[in-house]
Structures are given as C-alpha cells and as structure tokens.
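**Student:** Below: sequence and its predicted model.
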Amino acid sequence: MRQHDAGTLSRMLAERIGVLVRELLPNGRKDGAEWRCGSLAGEKGQSLAVHLNGSRAGVWADFSSRERGDALDLVAAVLFSGERKEAMKWAVSWLGLGDGSAPTFRAPERRQPVPDKRNEELDQEAQRKRASARRLWHDTAPGIAGTPVEAYLAGRGIVLRELGRAPGALRFNPSVWCGEVQRPLPVMLAAICGPSGKLVAVHRTWLGQTPGGQWVKADLQNAKKVLGSFAGGCIRLWRGASGKALGVAPGDDVTVVAEGIETALSVAVACPEFRVLSAVSLSNMAAVALPDTLKDIIIAADNDSGNEKARRALDAALKKFVSQGRTVRLAMPEIVHGDWNDVLRGKDTEGQQERPI
C-alpha cells in the first residue's frame, strides 16, 4: 500500500473538512466560517472552533483546554487520544486511499463526554450572559452623537466628528446596573463580535461627571467590564478607506489591531485610511480571527515596558499573525507605560516605533 505522509493527509482532510467535522463532532454547529462545539468530546458549546474555508481550513483550537492543530490532529485528538499514527491509518481509509491490501479500518467508538454538572452549569451561565449582552445592546438606541460618550471621547482627544461619522460599534446607555456601587450608572457600550460578525459580548465603560461637568471614566475600582465571553472576537471600530465590512474586506486593506477602545479610536482619528479593531484585551489579541484576505497587519501596542506578562502576550499575537502568512508590523509609542491615546493628546508628539516582524 502506498505510504502517505502526515502533511498530505492533513491537506486532503482539510479539503473535506465540512464533511469531516460533521462525522467527528456531530453535535456541533456551523457559525459563520467555523464549526463550533463545546470540546473535543463533541458536546454542544462554543469553546472548540474548526475553520471550514480558505487557507486555514482544518485548523482548530479549543480555547478552554488550549489544544490546537490541523485536520489530522483533530482526528487524532477526537478518536485516538492524540495518537497521530493511528489517525493516519484512519485517514487513509476514510479518504479512500487504501489499495485493498489492508483491511478496512474502522474508527473506534467515539469517546463520550462525561456528564459534569459543573460544566453544564458553566455552559448555561455563558449562554445566559450572551443573551443578556444581546438584550442590553438591542435595548440601547444606536448612535452617540450629542451623548456623554461623544463628550467623554472628546475629552480624551478623540474627536469623532473629524471622521465624518461615529463607529456603529459604540452606543450610550444612561442607566446600566453597576455591581460595584449597587446602582445604575451611565455607560459607553461597545459591541464585541465573533468571526461571523454576530454579537457575542458587550464591553461596558461606566461614565461619570467631574464637578466642572466634564465626562470621564467613573471613579470605580474597575470602570470597564465585559458582559459575555469574547475569546476570538473583537470590536470593529473603523472600516478604513474601503468602507467594507470585515467579512468582505479587500486584500489591500491595512488593518490595525489595538488593545483598548480608546487606543484603537486614537489610531482611527490619526490614520482614518486604516481599518481599526480593538482586541478588548492583550490576552485575546492572539485569538482575534481575521479574514484570510487581510495580509497587512499593524499591532498598535501599548508601551508596557518591564511587564513580562504583557510582552509574552504581545509576542504570542505577533507570532500568530505571522504564522498565518501575514505581513506584521509593531507600532509602539516611546512613552514608557503610555499608549497611542497619550500620543494623540500630545503627551509625546514624536515618540513612536514601527518595525516589521
């Protein structure tokens, strides 16, 4: 029987990934360009994502267990406890590559998820939070013109009227419950969308007024919180020169990925020709899913000099985008412990670094 190497088998499996995932993970569901389920055990959920299209077809990641790999690795993980040699034998048979000299290979009994009341409760809680986030977003009127959100951002040097329009990903709600003070407060809402463009979570920035009437972040221990799980998602703040939605972005778009909302908006005001996304957190930046068409990426990083944890997370994001075949540049202000909003506000008008990765 002809020998087939792992790389070839993985590519061939990837070409039929839509059929493969339905066989391996029948309780999953299609979510945009991905097949989603709870884990490698195959239960319903969102933690495991398998790419279905393009150059990344077959690539998967389980965000809860941190496992990831290609289509052959998926077979190995689901059916053979990670044994690639056994997975290769199965793949040869499943792909119809055997020459008849070997018996037909049958997949072993699929491992069944062990009933776990705690996992079920966690999954239900995640669904509840996502539903709450969607209700909050849809119950809030679109637009921020003339609202405290516009005033708050202007106070940060972010004058959105210079762009000609405000991002649709932002809204103002005058009364959202804040657990820290046990009462409702005015809030800036930002929509966090998954790869398919569906809203998966809502970012909340509670606002307050100074004695002089200026709108600022509320005086709280934690004025920013996210409602819902947002792994792999981002806030789509600015479409750049093309004006097209992220899912149909043209290949010549330059895309800036920043950490926070204010940093990302500062870049949009300074460079409106670029598409700008907020990853919400530095730890999520490596997980942000971008269309394969986007090849030119700039990471607009904060200067967290001396913070090794932040540096490791930033390096992980840079390596991830490079591994996807993209051109990646790092843009970082020279202000120690500063960000691009500090630069926009004139705290450092010349300090910036940009280098290819």
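**Tutor:** Yep, that arrived.
**Student:** Can you report how many residues lie near the closest residue to L282 other than its chain neighbours?
**Tutor:** Counting by C-beta to C-beta, 6 or more residues apart in numbering, L282 lies nearest to A313, which is 4.6 Å off, once chain neighbours are set aside. Just so you know, the C-beta spots here come from the backbone N, C-alpha and C atoms, and that holds for glycine as well. The number of residues packed near A313 is 20, by other C-beta atoms under 10 Å.
**Student:** which secondary structure element contains A313?
**Tutor:** helix 308-323 (DSSP states H and E).
**Student:** What average pLDDT does that helix get?
**Tutor:** Mean per-residue pLDDT for helix 308-323: 91.
**Student:** which intervals of this protein have sub-threshold pLDDT?
**Tutor:** Where the chain drops to pLDDT under 70, the residues are 1-3, 64-66, 98-123, 305, 347-357.
**Student:** tell me the domain ranges of it?
**Tutor:** Structurally, the chain divides into domains by automatic domain parsing as follows: 6-114, 116-229, 231-357.
**Student:** Quick check: beta-bridge partners of T255?
**Tutor:** T255 has these beta-bridge partners by DSSP bridges: R275, I297.
**Student:** R326 contacts I299, doesn't it?
**Tutor:** No - with contacts counted by C-beta atoms under 8 Å, R326 stays clear of I299, the gap being 10.8 Å.
**Student:** tell me, how many neighbours does the nearest residue to A141 once chain neighbours are set aside end up with?
**Tutor:** Once flanking residues are discounted, A141 sits nearest to R171: 6.9 Å by C-beta to C-beta, 6+ apart. Applying other C-beta under 10 Å, we find 24 residues neighbouring R171.
**Student:** For R171, pull up the helix or strand it's in.
**Tutor:** strand 170-178.
**Student:** Tell me the helix or strand right after that strand.
**Tutor:** strand 183-193.
**Student:** what's next to the helix or strand following that following strand, contact-wise?
**Tutor:** Per DSSP H and E, the first helix or strand lying C-terminal to strand 183-193 is strand 199-209. The list of residues contacting strand 199-209 from outside it, by C-beta atoms under 8 Å, 6 or more residues apart in numbering, reads 129-130, 133-134, 136-137, 148-149, 152, 176, 178, 185-194, 215-220, 223-230, 233, 235, 261, 280.
**Student:** Let's see that with 7 Å instead.
**Tutor:** With contact meaning C-beta atoms under 7 Å, 6 or more residues apart in numbering, strand 199-209 is reached by 130, 133-134, 136-137, 148, 152, 176, 178, 185-194, 215-220, 223-230, 233, 235, 261, 280.
**Student:** Pull out the buried positions in the helix or strand following it.
**Tutor:** Counting by DSSP H and E, the next helix or strand C-terminal to strand 199-209 is strand 215-217. Within strand 215-217, the residues that count as buried by 16 or more other C-beta atoms under 10 Å are W215, K217.
**Student:** and the contacts of strand 199-209, which are buried?
**Tutor:** 130, 133-134, 136-137, 148, 152, 176, 178, 185-194, 215, 217-218, 223-224, 226-230, 233, 235, 261, 280.
**Student:** Give the other helices and strands that the helix holding A313 contacts.
**Tutor:** helix 282-285, strand 296-300, strand 327-332 (3 or more C-beta pairs under 7 Å, 6 or more residues apart in numbering; DSSP states H and E).
**Student:** any idea of the angle that helix forms with strand 296-300?
**Tutor:** Using axes from the mean of the first three to the mean of the last three C-alpha atoms, to 10 degrees, the inter-axis angle of helix 308-323 relative to strand 296-300 is 170 degrees.
**Student:** Helix 308-323: how far from the chain's middle?
**Tutor:** From the chain centre to the centre of helix 308-323 is a distance of 14 Å (C-alpha atoms, centre = their mean, to the nearest Å).
**Student:** Number the residues from 38 up from this point.
**Tutor:** Got it, first residue is 38 now, which makes that one helix 345-360.
**Student:** What ranges does this structure have for its helices?
**Tutor:** 43-52, 54-61, 108-116, 121-131, 154-175, 185-192, 298-307, 319-322, 345-360, 377-381 (DSSP state H).
**Student:** possible to save those helices as JSON lines with distance to G284?
**Tutor:** Formatted as JSON lines, the helices of the chain follow (distance: least, C-beta to C-beta, whole Å):
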{"stretch": "helix 43-52", "distance to G284": "21"}
{"stretch": "helix 54-61", "distance to G284": "18"}
{"stretch": "helix 108-116", "distance to G284": "23"}
{"stretch": "helix 121-131", "distance to G284": "31"}
{"stretch": "helix 154-175", "distance to G284": "19"}
{"stretch": "helix 185-192", "distance to G284": "26"}
{"stretch": "helix 298-307", "distance to G284": "19"}
{"stretch": "helix 319-322", "distance to G284": "19"}
{"stretch": "helix 345-360", "distance to G284": "18"}
{"stretch": "helix 377-381", "distance to G284": "26"}
